[in-house]
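Colleague: Pasted the sequence and its predicted model underneath.
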Amino acid sequence: MPTLFSIVIVLALLFDFINGFHDAANSIATIVSTKVLSPLTAVIWAAAFNLIAYWIFELKVADTVSKTVKGEYVTLTVICAGLIAAIIWNLFTWWKGIPSSSSHTLIGGFAGAGVANAGGFDAIHWGKVMPVIYFIVLAPVMGLIISIIINLITLHICKHMRPARVDAVFRRLQLFSSAAYSLGHGGNDAQKVIGIIAAALVSQHMIGSMAQLPGWVPIACYSAIAMGTMFGGWRIVKTMGQKITKLTPFEGFSAETAGAITLFVTQYFKIPVSTTHTITGSIVGVGVTKRVSAVRWGVTLNLIWAWVLTIPVSGILAALVFYLIKSCT
């Protein structure tokens, strides 16, 4: 059992690293596509604020994720199967350049393995899972609406400024908006793996609750996602920063600020959301502000299909991995 526990910890931190690698595009796509920062500088900038999030946010999202599956059905095998499924889906979507949700694949994998262990959906703590499902739709809509509002307000404020002046001002402001978004990304996504490790510790009676979580867990998770972000995910950067709509520094600022506000609000209410969905909705919002045709809706619809499929595919894959592990032990 200690060996399996060690494997779970390694897989969890590996997933966190891949999460950062996969979702680096979310943090840096706008600031790279507007050429405010070079790709290398951008990933270092984003990684730094991913890590700083450790000292800012309470572990509210982690607590929610740790309770996705009811305690009596949580075993190391369940957690291991969920992590393996999530890693496979994340790597597959990264390879295909699809900005899918690392958050949803982890929750889907954990839930799917729990269902396989229990032999039914009674294993799922629906009170924790349903808000996650609702926010598949609500998070990008929030990002879209907030980005439209910010865009319209700043357009009104800057209407008498020369375009060159506007560009120069928002190149500086985008540094702050991208930093805020990266804080939200770290505070949201690193905590999901903290929750998974907490569930593993509780299942082995090493701790009784999240309040007793050892300090090394959040430090390791925030460090892993920051390192993953530094390695970047350039295939997805292209989709997020160039294919949905073309962005100026002014629009990049609006999208990142809207994304950051959405992540901060949902983190406060303990709701794990997809940073991918959030920033995509925000980017679409600034595109719509220009004109509806400025958004490449075909690309956006393809992304939505990936969002819809992530939780069920991850759940089914995790169940298969669970049965495979059980048959081999």
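Modeller: On my side now, so go ahead.
Colleague: show me the contacts for the residue most central in space within the chain.
Modeller: Nearest to the mean C-alpha position of the chain, by C-alpha atoms, centre = their mean, lies residue 275 at 3.9 Å. Applying C-beta atoms under 8 Å, 6 or more residues apart in numbering, we find residue 275 in contact with 23, 26-27, 101-103, 184-185, 188-189, 259, 263. The way it works is simple: take the backbone N, C-alpha and C, and place the C-beta from them, glycine included.
Colleague: Could you list the low-pLDDT ranges of the stretch 201-329 of the chain?
Modeller: Scanning the stretch 201-329 of the chain with the threshold set as pLDDT under 70 gives 232-246, 291-303.
Colleague: make it 80
Modeller: 230-248, 276, 287, 289-307, 329 (pLDDT under 80).
Colleague: Is residue 271 part of a helix or strand, or is it coil?
Modeller: coil (DSSP: H, G, I helix; E, B strand; the rest coil).
Colleague: Residue 316 too?
Modeller: Per three-state DSSP, residue 316 ends up helix.
Colleague: Could you check how far it is from residue 83?
Modeller: Distance of residue 316 to residue 83, computed by C-beta to C-beta, to the nearest Å: 15 Å.
Colleague: higher neighbour count, these two?
Modeller: Between residue 316 and residue 83, counted using other C-beta atoms under 10 Å, residue 83 has the larger neighbour count: 29 against 16.
Colleague: and the helix or strand containing residue 172, which residues are buried?
Modeller: In the assignment (DSSP states H and E), residue 172 maps to helix 163-185. Neighbour counts over helix 163-185 (16 or more other C-beta atoms under 10 Å) mark 166, 169-171, 173-175, 177-185 as buried.
Colleague: Not counting it itself, show me its contacts.
Modeller: 23, 26-28, 30-31, 34, 36-37, 42, 45-50, 52-53, 56, 158, 161, 229, 248-250, 252-253, 256-257, 259-260, 262-264, 267, 275, 279.
Colleague: at 6 Å what do you get?
Modeller: With C-beta atoms under 6 Å, 6 or more residues apart in numbering as the test, helix 163-185 has contacts from 27, 31, 36, 46, 49-50, 53, 158, 249-250, 252-253, 256-257, 259-260, 263-264, 275.
Colleague: then that helix to CSV, C-alphas only?
Modeller: C-alpha atoms of helix 163-185 as CSV (Å, rounded to 0.1, in the frame of the first residue of the first chain):
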residue,chain,number,x,y,z
PRO,A,163,-4.6,54.8,-31.3
ALA,A,164,-0.8,54.8,-30.8
ARG,A,165,-1.3,56.2,-27.2
VAL,A,166,-4.0,53.6,-26.5
ASP,A,167,-1.7,50.8,-27.7
ALA,A,168,1.2,52.0,-25.5
VAL,A,169,-1.0,52.4,-22.4
PHE,A,170,-2.6,48.9,-22.7
ARG,A,171,0.7,47.2,-23.4
ARG,A,172,1.7,48.2,-19.9
LEU,A,173,-1.7,47.4,-18.4
GLN,A,174,-1.7,44.0,-20.0
LEU,A,175,1.2,43.0,-17.7
PHE,A,176,-1.0,43.5,-14.7
SER,A,177,-4.1,41.8,-16.3
SER,A,178,-2.1,38.8,-17.3
ALA,A,179,-0.5,38.6,-13.8
ALA,A,180,-4.0,38.7,-12.3
TYR,A,181,-5.2,36.0,-14.6
SER,A,182,-2.2,33.8,-13.8
LEU,A,183,-2.9,34.3,-10.1
GLY,A,184,-6.4,33.1,-10.7
HIS,A,185,-5.1,30.1,-12.8
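Colleague: Need the mean per-residue confidence for it.
Modeller: Averaging pLDDT along helix 163-185 yields 90.
Colleague: Also stretch 140-150?
Modeller: 92.
Colleague: Buried residues, it. List them.
Modeller: Neighbour counts over stretch 140-150 (16+ other C-beta under 10 Å) mark 140-144, 146-148, 150 as buried.
Colleague: Now do the residue nearest to the centre of the chain against residue 155, distance only.
Modeller: 26 Å.
Colleague: try residue 304
Modeller: Distance, residue 304 to residue 155, by C-beta to C-beta: 27 Å.
Colleague: now swap in residue 143 and tell me
Modeller: The value you get for residue 143 to residue 155, if C-beta to C-beta is used, is 18 Å.
Colleague: One more: residue 207?
Modeller: Distance, residue 207 to residue 155, by C-beta to C-beta: 51 Å.
Colleague: do residue 94 as well
Modeller: Taken as C-beta to C-beta, the span from residue 94 to residue 155 is 35 Å.
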